[in-house]
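> Below are the sequence and a predicted model; questions follow.
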Amino acid sequence: MDDAGYFDPNSDEVVPSPCISVCRMTEDRSRCEGCFRTIDEIRAWSGADSARRRGIWVLLLQRAGAAVPPSLAGADCGAKEPHA
């Protein structure tokens, strides 16, 4: 997944699911241990457009402590981290 690939906002490629088939919620039920998505993000995924999916990817990468690719750095697609 590079700047010219799935995460490019101008690409026609389908934004891939972050699911790695380790479908188990954390003890506090805040996120999936495999893909780092919240329950709401998992539910929304199938109906989400590419922009929303890129926004979810940004949030899950941040939760995982992973670098956000430059092509996603500006993605703000309605996916918001809940406020505690």
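Sure, I can see it.
> got the contact list for residue 57?
Residues near residue 57 by C-beta atoms under 8 Å, 6 or more residues apart in numbering: 7, 15, 18, 72, 75. Every residue, glycine included, has its C-beta placed from N, CA and C.
> Most widely separated two among the residues you listed?
18 and 75 (13.8 Å; C-beta to C-beta).
> Please identify the helix or strand for residue 53.
In this assignment (DSSP states H and E), residue 53 forms part of helix 50-64.
> all helices of the protein, in order?
39-45, 50-64 (DSSP state H).
> I'd like the average pLDDT over the shortest one.
Rounded to a whole number, the mean pLDDT of helix 39-45 is 96.
> cool, the longest one as well?
If you average the pLDDT over helix 50-64, you get 92.
> For the residue at the greatest distance from the centre of the chain, report the pLDDT, please.
Ranking residues of the chain by C-alpha distance from their mean position (C-alpha atoms, centre = their mean) puts residue 27 at the top, at 20.4 Å. The model reports residue 27 with a pLDDT of 96.
> same deal with residue 8?
Reading off the model, residue 8 has pLDDT 78.
> What residues does it make contact with?
Counting by C-beta under 8 Å, 6+ apart, residue 8 has contacts residue 71.
> what's the burial count for residue 18?
Residue 18 is flanked by 19 other residues according to other C-beta atoms under 10 Å.
> and if you look at residue 48?
18.
> Tell me which residue is most central in the chain.
residue 57 (2.1 Å).
> For residue 15, see how far away that one is.
In this structure, residue 57 and residue 15 are 7 Å apart, going by C-beta to C-beta, to the nearest Å.
> repeat for residue 25
For residue 25, the distance to residue 15 equals 23 Å [C-beta to C-beta].
> For the two, indicate the residue with more neighbours.
residue 15 (23 against 14).
> Could you list which residues are in contact with that one?
So residue 15 contacts 6-7, 50, 53-54, 57 (C-beta under 8 Å, 6+ apart).
> before we move on, the earlier item: could you check the helix holding residue 53 and say which residues are buried?
Neighbour-count burial for helix 50-64, counted by 16 or more other C-beta atoms under 10 Å, picks out 50, 52-61, 63.
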